[in-house]
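**Student:** Coordinates for the following, if possible.
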Amino acid sequence: MAPSKNQYKIEAENFNLQQYLDRIKFSGEIELTIEGITKLMRSQLFSVPFENIDVQAGKVISLNGDDIVNQIVNLNRGGYCYQINGLFSLALQEIGIPHYYVAARPLVNPGQNAKTHLGIIATIENEDYLIDLGFGGNSIRQPLKLSEIGTEIQHDSDTFTLVKTEDNDYLLQILIAQEWTNLYSFDLSPQRWIDFKPANYYNYSHPDSVFTQKLIVVLQNPLGKKILSKNSLKSVTNGITELLSFEDEQLENILVSEFNLKVES
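**Tutor:** All right, here's what the predicted structure looks like:
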């Protein structure tokens, strides 16, 4: 017997919708409209940091749904794309928003790049949207309608657009210093949760992976974002950037004060 479509997605017996909503500081009823899903997405984006602390500690990154819920909801941690988007997928499943996963090819770094990024395509009010909470400092901040090709879309202080490539892939771009910068490309071929196991293994273990090379922590907020990379903290507020350098012994305090992250050794 073929598996059901639900079995193609992340599963977690320990996922509790109210505990999740408490974790992301969501208040009120969840409305199954574009406004309601946008509110849910932004609540998680502003509460759950994008981070690779466990990768830097040499740990194996689990794609088990129960492990992801425990890490983010119970231990108040973050994660990278599989964990963050996986958690949001669990919420979408619980509230009944149809969706599937796509494999995206990151284009931020030069050279040949494999399809190692996970995005979500969700159908909301009969329209298909890209949902992605897990692309670090350049994550979109609300669902992005797939039909709005070539349209400049303002997400707070950031401007995004979706264009089509010569291969008929979708290409997500962000406007930086008045120039369009490629973020990642994808097509609409549905992927199973298990399909991302090899990419996850690469990201947490291979020396060429950006996640093994340096510490990255990002937390978005309504006015901008905070980005920690190596020994530098960048704060962006209403498009204005401030930089702070710090010593190794200050890292633990900065993780707590700026990202609400207390990491148990």
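
**Student:** When you work out contacts or count neighbours from here on, use the C-alpha atoms and nothing else.
**Tutor:** Noted.

**Student:** ranges for the strands of the stretch 101-250 of the chain?
**Tutor:** Taking DSSP state E, counting those that start in this stretch, the strands of the stretch 101-250 of the chain run over residues 117-124, 127-131, 144-145, 153-155, 158-164, 170-176, 179-186, 216-221, 224-229, 232-237, 240-245.

**Student:** Just send those strands back as TSV, with mean pLDDT and distance to residue 76 too.
**Tutor:** As requested, those are exported to TSV (pLDDT from 0 to 100; distance: least, Cα to Cα, whole Å):
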stretch	mean pLDDT	distance to residue 76
strand 117-124	98	22
strand 127-131	98	22
strand 144-145	97	27
strand 153-155	94	26
strand 158-164	96	27
strand 170-176	96	29
strand 179-186	96	28
strand 216-221	96	13
strand 224-229	96	18
strand 232-237	95	21
strand 240-245	93	25
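
**Student:** could these be laid out in a markdown table, adding mean neighbour count and distance to residue 83?
**Tutor:** Putting the strands of the stretch 101-250 of the chain into a markdown table (neighbours: other Cα atoms under 10 Å; distance: least, Cα to Cα, whole Å) gives the following:
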| stretch | mean neighbour count | distance to residue 83 |
| --- | --- | --- |
| strand 117-124 | 22 | 10 |
| strand 127-131 | 19 | 14 |
| strand 144-145 | 21 | 20 |
| strand 153-155 | 15 | 23 |
| strand 158-164 | 19 | 23 |
| strand 170-176 | 20 | 21 |
| strand 179-186 | 17 | 18 |
| strand 216-221 | 24 | 14 |
| strand 224-229 | 20 | 19 |
| strand 232-237 | 17 | 23 |
| strand 240-245 | 11 | 28 |
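
**Student:** Including distance to residue 82, could those strands go into CSV?
**Tutor:** Listed next are the strands of the stretch 101-250 of the chain as CSV, based on distance: least, Cα to Cα, whole Å:
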stretch, distance to residue 82
strand 117-124, 6
strand 127-131, 13
strand 144-145, 19
strand 153-155, 22
strand 158-164, 22
strand 170-176, 18
strand 179-186, 15
strand 216-221, 15
strand 224-229, 19
strand 232-237, 24
strand 240-245, 28
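
**Student:** Residue 211: neighbouring residues, count only.
**Tutor:** 21 (other Cα atoms under 10 Å).

**Student:** Any figure for the gap between it and residue 179?
**Tutor:** 26 Å (Cα to Cα, to the nearest Å).

**Student:** And the helices in this structure?
**Tutor:** Assigned by DSSP state H, the helices in the chain fall at 17-23, 34-45, 53-56, 65-69, 81-95, 197-205, 210-213, 251-259.

**Student:** nearest to residue 124, of those helices?
**Tutor:** The closest of the helices of the chain to residue 124 is helix 34-45. By Cα to Cα, the value is 6.2 Å.

**Student:** How about that closest one, which residues are buried there?
**Tutor:** 34, 37, 38, 39, 40, 41, 42, 43, 44, 45 (16 or more other Cα atoms under 10 Å).

**Student:** Show me what that helix is packed up against.
**Tutor:** Using 3 or more Cα pairs under 8 Å, 6 or more residues apart in numbering; DSSP states H and E, the elements in contact with helix 34-45 are strand 216-221.
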